[in-house]
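> My questions concern the predicted model and sequence given below.
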Amino acid sequence: MEQSERTVIGVLGLGEAGGALSADLAAAGAVVRGYDPEVAAGADLIAATSESDAAGGADLVLSVNRSAVAVEALEAGIGSFPPGSVWADLNTASPEKKRRLADIAERHGARFADVAIMAPVPGPRLQVPLLISGSGGQRAAELLRGFGANVEVLDGPAGLAATRKLLRSVYFKGMAASIVEALEAARAAGFEDLLRENIIADFAAAGESTVERIVSGTYQHAVRRTDEMAAATEMLADLGITPTMAAASRDLHARFGAHPS
């Protein structure tokens, strides 16, 4: 199609996520210039020699490396980036860092898109749900949708998409960490299968009232649950398990018990 003939996309970072996205974009007809100092570009990509080389002449850059190097990558590539093109940062970073990236990009005449990847990439690949905000959000969505991407645009500045993603991360990754720690302790105590059954039953029984029940119960029973989680923390230590999540739960309940809402 006409768009695929004229759209050039630079991809910085060709690891698990960047590799899958760049391959699918190239297969859909985009001209993809890929750069990663540690991973070779795939056969369907144009192998760039630097961030600047990947960004040169691009309509869109996807920075998919790591938050720790996001600013460095932007500063290395922005000098060759055409004015008005969109620099999209897909790294998991704080809203404040996304705003900083937007400021750097926009001072150089580029538009910026804060892109939050909302699920693991390997399964859905280019169909992974993406949330986008920022001055370049609409344009980035237009380009990506032209190649089959699954994009939702948020009406707001850079940092909004990151905020939405990280709020969910607090819940979901925190829950996952608690489950893993609990199962590790149950394994040490010889009750892993039983606890797995308990967890599965709780998930199966969850409904619309579950969240409110959890929230209200946490505040209402904070004092008692502080003691309960203190005992659980002590038990995990006795089992040889570092009680990271148990201790955090103890401390959170203690805070709520001392300052009830």
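Done, it's in.

> quick one: low-confidence ranges for this protein?
Residues of the chain that meet the criterion pLDDT under 70 lie in 1-5, 261.

> Spatially, which residue comes closest to the residue most central in space within it, not counting chain neighbours?
The residue lying closest to the centre of the chain (Cα atoms, centre = their mean) is residue 92, at 4.4 Å. In this structure, residue 92 finds its nearest non-sequential neighbour in residue 67, 6.0 Å apart by Cβ to Cβ, 6 or more residues apart in numbering. The way it works is simple: take the backbone N, C-alpha and C, and place the C-beta from them, glycine included.

> Would you confirm that the one you found contacts residue 90?
No: judged on Cβ atoms under 8 Å, residue 67 makes no contact with residue 90 at a distance of 10.2 Å.

> more crowded one of these two?
Set residue 67 next to residue 90 and count neighbours by other Cβ atoms under 10 Å: residue 90 wins out with 25 against 16.

> From residue 207, how far off is that one?
Computed as Cβ to Cβ, to the nearest Å, the residue 90 to residue 207 distance reads 34 Å.

> What of residue 164?
24 Å.

> And for residue 35?
48 Å.

> Look at those two and report which has more neighbours.
residue 35 (28 against 7).

> thinking the more buried one is in contact with residue 53, fair?
Yes: assessed by Cβ under 8 Å, residue 35 is found in contact with residue 53 at 6.6 Å.

> Return the list of helices and strands in contact with the helix or strand containing residue 54.
Using DSSP states H and E, residue 54 sits within helix 51-55. Other helices and strands packing on helix 51-55, by 3 or more Cβ pairs under 8 Å, 6 or more residues apart in numbering; DSSP states H and E, are strand 8-12, strand 31-35, helix 70-77.

> strand partners of the following helix or strand past the longest one, parallel vs antiparallel please.
Past helix 70-77, heading to the C-terminal end, the next element that is a helix or strand (DSSP H and E) is strand 86-89. With DSSP bridges as the criterion, the sheet partners recorded for strand 86-89 are strand 60-63 (parallel), strand 111-117 (parallel).

> Serialize those to a markdown table and add fields for distance to residue 131.
What follows is the strands paired with strand 86-89, written out as a markdown table (distance: least, Cβ to Cβ, whole Å):
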| stretch | distance to residue 131 |
| --- | --- |
| strand 60-63 | 14 |
| strand 111-117 | 4 |
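
> I'd like to know which of those is closest to residue 40.
Among the strands paired with strand 86-89, the nearest to residue 40 by Cβ to Cβ is strand 60-63 (17.7 Å).

> contact partners of the closest one?
The contact list for strand 60-63 (Cβ atoms under 8 Å, 6 or more residues apart in numbering) reads 7-13, 18, 21-22, 54-55, 70, 73-74, 77, 81, 85-91, 115, 139-140, 143-144.

> ok, now with 6 Å
9-12, 55, 70, 73, 86-90, 143 (Cβ atoms under 6 Å, 6 or more residues apart in numbering).

> do the same with stretch 247-261
Residues contacting stretch 247-261 (Cβ under 6 Å, 6+ apart): 219, 222-223, 225-226, 229-230, 233.

> in stretch 222-238, what's buried?
222, 225-226, 229-230, 232-233, 236 (16 or more other Cβ atoms under 10 Å).

> Pick the one among these closest to residue 121.
residue 236 (33.5 Å).

> helix, strand or coil for that closest one?
Secondary structure state of residue 236, per DSSP: H, G, I helix; E, B strand; the rest coil, is helix.

> Not counting its neighbours along the chain, what's nearest it?
Closest to residue 236 by Cβ to Cβ, 6+ apart is residue 243, at 3.9 Å.

> Enumerate every residue touching the one you found.
With Cβ under 6 Å, 6+ apart, residue 243 has these contacts: 233, 236-237.

> closest to residue 150 among those residues?
residue 236 (40.3 Å).

> Settle this for me: the closest one is touching residue 184, isn't it.
No: assessed by Cβ atoms under 6 Å, residue 236 is found out of contact with residue 184, at 8.5 Å.
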